[in-house]
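J.: Could you look at this predicted model? Sequence included:
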Amino acid sequence: MNININELTLLYVEDNSETRELTTIILQSYFNNVITAKNGVDGLHKFQNYAVDLIITDIEMPELDGISMIKQIRSINKDIPILVISAYNDTNYLMESIQQSVQGYIIKPIQRKQFKEAISKIKNTIVQKYSQEENNSLLKQYQEITDHSAIVSKTTFQGIITYVNDAFCKVSGYSREELIGHNHNIVRDTEEPLEIFKELWRTISKEKKTWKGVLRNQTKQGSYYYVHTSIKPILDNNEKIKEFISSRVVITDIIRPKQIIQEKTSAINKHVVTMVEEAISTSNIISYFQPIVDNKTLEIIKYESLLRLIDEHENIISPYLFLEDIKDLKCYLQVTLMVLEDTNASISINISMSDILNKKINKKVFELLEIYKDQSHRITFELLEDEQSKKINLIRNFITQIRAYNVQIAIDDFGVGYSNFERIMQYKPDIIKIDGSLIKNIVSDDYSKNMIEAIVMFAKKENILSIAEYVENKEIFDIISALGVDCSQGYYFGKPEKLT
C-alpha cells in the first residue's frame with residue numbers, strides 16, 4: 001500500500017513558544033498538515049477534535065505533562081503512533097515512554113538525521129497499520145457475502161467476471177473458462193423486467209449498498225433457474241468501489257410450486273370476479289339485516305346492514321368469500337354503491353376508510369343523506385378501519401361533514417388491528433363495537449374479559465354506547481351484561497336475514 005507521509009496530519013505538542021515555532025518549520029518540510037498545541041491539556045483537546053495520524057510531543061509541560069497526556073490518549077486510541085522529543089535523557093522518562101508504547105524518543109536539540117530515521121520508522125508503522133485495516137475490511141466484506149451462499153462470483157466495476165466458484169459453474173452449465181473475462185449478463189434472463197436491473201445497479205453503484213432479490217437466470221442449455229441473490233460492492237479505504245461480489249442461493253424448487261399455486265389462485269380469482277359481475281348485472285347484490293339488542297330491555301334498537309351476494313344457483317355468499325378479491329377492481333365500487341342504495345334509513349351502514357376516500361362512494365353517501373334527510377338521525381355509519389386509517393385529517397373531515405346530517409358514528413371491530421383509544425378521541429364516535437374475537441373468547445380467556453372491561457369503562461366515561469358483536473349464546477351474554485356492555489349483536493338474538 002502506498003502511503004504519502006506528507007498527507008498525514010501531525011499533532012505537535014510543545015510548551016516553549018520559541019522551540020515550538022522553530023520545530024514547526026522543520027516539521028512542515030515533512031508534513032503538509034501540522035497542528036500545534038501549547039501544553040498537554042491543549043494537546044489532548046486537539047487530539048479529540050481533529051483526525052490525527054501521528055503525535056510528536058515534549059514531556060516536561062505545565063498543567064498536563066507529556067507522559068500523562070499520552071496515557072489519556074492511549075485510553076482513547078492505543079494504536080496511534082507517538083514520538084517523544086525531550087531535552088532530558090532520563091531513564092525514568094524512557095521507561096514510562098516504552099510502557100505507553102511510544103514509537104520513538106528524540107533528544108533535543110533535534111538532529112535532522114536522527115529525526116529522519118525516526119520518521120521513516122513511524123511511516124513503516126503507519127503503512128502496516130493502514131494495510132492491516134484495509135485487509136481486515138476486505139476480509140470482513142468477503143466473509144459477509146460468502147457466508148450466505150455457496151454460489152459465488154466476482155466482477156469488475158464494468159461487469160466483467162473475474163471469479164466464479166465450482167457451484168456457479170455447476171448450476172449455470174458453463175465452464176470457468178467460458179465465464180471468466182465475459183460480461184456477467186451471460187446468465188441473465190432477457191425476459192426479466194429492465195426496471196429490476198436499473199434498481200440493482202443504482203443500489204450497488206450509486207448508493208454503494210448491498211442489493212438483495214430474486215432473479216431468474218438462464219443456463220447454457222437454455223433452461224431457467226431462480227436464485228436469491230445478494231450483490232455487494234467491495235470498497236477500499238477511500239470508499240471507492242474495487243469490485244462486486246455476488247452470492248446466490250438456488251430457490252427453483254421453492255418458486256415453481258408457488259407459481260403453480262399462483263396460477264390456481266388466479267383462476268379462482270377470475271371465477272370470483274365473473275360471479276360478482278354477474279350478480280351486479282342481475283341486481284343480486286343485496287343487504288341482509290342483523291338485529292342489535294338493548295342488553296337491559298332486550299328490545300331491538302336497530303339493525304346492521306350486511307352485504308350478501310346471490311349466485312346463479314341461488315346460494316347466499318358472504319362478502320368474506322369475494323370482497324377482498326375485487327377490492328382494487330371497478331366492480332368493488334359498483335357493489336358498494338348498490339349496498340348503499342339497498343339500505344333503508346333505519347339501520348347501520350358499514351363503510352371502510354378506503355370507501356370514505358373514494359370520491360364516487362363519498363359523493364353517493366351525501367346523495368343518500370339528502371334523500372333520507374328527515375330520518376338521518378336513525379342512520380349509523382360503522383367505520384371499518386384499514387391501512388387508510390392513517391389519513392386522520394381526511395377521515396375527520398368526512399366525519400365532520402356527515403355529522404351535519406345528525407347521523408351517528410360507530411367504530412367497528414374495536415380492540416384489535418388499527419383501533420386504539422387515541423383514535424377514538426380523534427373520531428369522537430357515538431358507538432364502539434367491540435371486536436368479535438374478544439367476545440368469543442370471553443368465557444375462557446381472562447385477557448379478553450379484562451380488555452372488554454377496560455373498553456366499557458372508557459366508553460361510559462366518554463358517554464359512548466358499547467355494542468358486543470358475536471354474542472352466540474346465553475353464557476357470553478350474561479358475562480358481557482355483567483361487565484356493563486350496553487347492547488348485543490349475534491346469533492343468540494338473530495342471524496342476518498332479509499327484513500319482511
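T.: Okay, I see it. Residues are numbered from 1 along each chain as shown.
J.: Please identify the buried residues of stretch 298-308?
T.: K302, Y303, E304, S305, L306, L307, R308 (16 or more other C-beta atoms under 10 Å). Yep, even glycine has a C-beta here, placed from its N, CA and C like the rest.
J.: residues touching the residue nearest the centre of the chain, list them.
T.: Closest residue to the average C-alpha location of the chain: K212 at 14.7 Å, with C-alpha atoms, centre = their mean. Shown in contact with K212 (C-beta atoms under 8 Å, 6 or more residues apart in numbering): H228, T229, S230, I231.
J.: can you pull the contacts of the second one?
T.: T229 makes contact with W211, K212, G213, V214, L215, S246, S247, R248 under the criterion C-beta under 8 Å, 6+ apart.
J.: Compare these and tell me which is most surrounded.
T.: The residue in these with the most neighbours, by other C-beta atoms under 10 Å, is R248 (25 neighbours).
J.: I'd say that one and H228 touch.
T.: Yes - counting by C-beta atoms under 8 Å, H228 is a contact partner of R248 at 6.9 Å.
J.: Tell me which entries of the contacts of K212 lie within strands.
T.: Among the contacts of K212, DSSP state E puts H228, T229, S230, I231 in strands.
J.: Out of those residues, which comes closest to S205?
T.: Nearest to S205 out of these is I231 (C-beta to C-beta; 10.1 Å).
J.: For the closest one, give its distance to R308.
T.: Separation of I231 from R308 (C-beta to C-beta, to the nearest Å): 52 Å.
J.: per-residue confidence at D58?
T.: You'll see D58 listed with a pLDDT of 89.
J.: quick one: contacts for the nearest residue in space to it that is not next to it in sequence?
T.: Counting by C-beta to C-beta, 6 or more residues apart in numbering, E14 is the residue found nearest to D58 once chain neighbours are left out, at 4.8 Å. By C-beta under 8 Å, 6+ apart, the residues touching E14 are R20, T23, T36, A37, K38, T57, D58, M61, I85.
J.: The residue nearest to the third one when sequence neighbours are not counted bridge partners, please.
T.: Right, T36. Leaving aside its sequence neighbours, T36 sits nearest to Y12 (C-beta to C-beta, 6+ apart; 5.2 Å). Note on Y12: beta-bridge partners by DSSP bridges are T36, I56.
J.: close enough to count as contact, Y12 and L27?
T.: Yes - Y12 is in contact with L27 according to C-beta under 8 Å; the separation is 5.9 Å.
J.: Those two: who's more crowded?
T.: Y12 (24 against 17).
J.: and that one, how far is that from Y130?
T.: Y12 is 21 Å from Y130, by C-beta to C-beta.
J.: Can you tell me how far Y226 is from L215?
T.: Y226 is 7 Å from L215, by C-beta to C-beta.
J.: Could I get the phi/psi values of A459?
T.: Note on A459: backbone dihedrals following degrees, to the nearest 10 are phi -60, psi -40.
J.: For it, which non-adjacent residue is spatially closest?
T.: S466 (4.5 Å).
J.: And for Q28?
T.: Here the residue nearest Q28, using C-beta to C-beta, 6+ apart, is V34, at 5.5 Å.
J.: Pull out the buried residues from the host helix or strand of the one you found.
T.: Here V34 sits within strand 33-37, counting by DSSP states H and E. Residues of strand 33-37 classed as buried: V34, I35, T36, A37 (neighbour count, 16+ other C-beta under 10 Å).
J.: what residue ranges in the stretch 401-500 of the chain are flagged as low confidence?
T.: 416-420, 422, 500 (pLDDT under 70).
J.: And the strands in it, which stretches?
T.: 408-414, 431-434, 465-468, 487-488 (DSSP state E, counting those that start in this stretch).
J.: CSV for those, including distance to A167 and mean neighbour count?
T.: What follows is these, written out as CSV (distance: least, C-beta to C-beta, whole Å; neighbours: other C-beta atoms under 10 Å):
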stretch, distance to A167, mean neighbour count
strand 408-414, 50, 22
strand 431-434, 56, 26
strand 465-468, 60, 25
strand 487-488, 64, 23
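J.: Throw the ones you listed into a markdown table and include distance to K113, thanks.
T.: Shown next, in a markdown table, are the strands of the stretch 401-500 of the chain (distance: least, C-beta to C-beta, whole Å):
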| stretch | distance to K113 |
| --- | --- |
| strand 408-414 | 86 |
| strand 431-434 | 89 |
| strand 465-468 | 93 |
| strand 487-488 | 99 |
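J.: dump the residue contacts of the residue nearest to T36.
T.: Contact analysis of Y12 by C-beta under 8 Å, 6+ apart lists R20, T23, T24, L27, V34, I35, T36, A37, I55, I56, T57.
J.: From the chain's centroid, how far away is whatever helix or strand the fourth one lives in?
T.: The one in question is L27. Counting by DSSP H and E, the element that carries L27 is helix 17-28. Its chain's C-alpha centre and that of helix 17-28 lie 55 Å apart, by C-alpha atoms, centre = their mean, to the nearest Å.
J.: try stretch 369-382
T.: With C-alpha atoms, centre = their mean as the basis, the mean position of stretch 369-382 lies at 42 Å from the chain mean.
J.: Between the two ends of that stretch, how far is it?
T.: 15 Å (C-alpha to C-alpha, to the nearest Å).
J.: do the same with stretch 199-219
T.: With C-alpha to C-alpha as the measure, stretch 199-219 spans 23 Å from end to end.
J.: do stretch 53-60 as well
T.: 23 Å.
J.: Show me which residues of it are buried.
T.: Quick answer for stretch 53-60 (16+ other C-beta under 10 Å): D53, L54, I55, I56, T57, D58, I59.
J.: which one of the residues you listed sits closest to L394?
T.: Nearest to L394 among these, with distances taken as C-beta to C-beta, is D53, at 57.1 Å.
J.: who touches stretch 63-82?
T.: So stretch 63-82 is contacted by 13, 39-41, 43-44, 47-48, 52-61, 84, 86, 93, 96-97, 100-103, 122, 125-126, 129 (C-beta under 8 Å, 6+ apart).
J.: tell me the SS of I106?
T.: strand (DSSP: H, G, I helix; E, B strand; the rest coil).
J.: if I pick it, what's in contact with it?
T.: L83, V84, I85, S86, Q114, F115, A118.
J.: From those residues, list just the buried residues.
T.: L83, V84, I85, S86, F115, A118.
J.: Quick check: the fifth one touching F31?
T.: By that I understand F115. No - contact criterion C-beta under 8 Å: F115 and F31 do not qualify, at 11.9 Å.
J.: who wins for most neighbours among the ones in strands among the contacts of K212?
T.: Most crowded among the ones in strands among the contacts of K212, counting by other C-beta under 10 Å, is I231 at 23 neighbours.
J.: was I right about that one contacting S246?
T.: Yes - at 4.6 Å, I231 counts as touching S246 under the criterion of C-beta under 8 Å.
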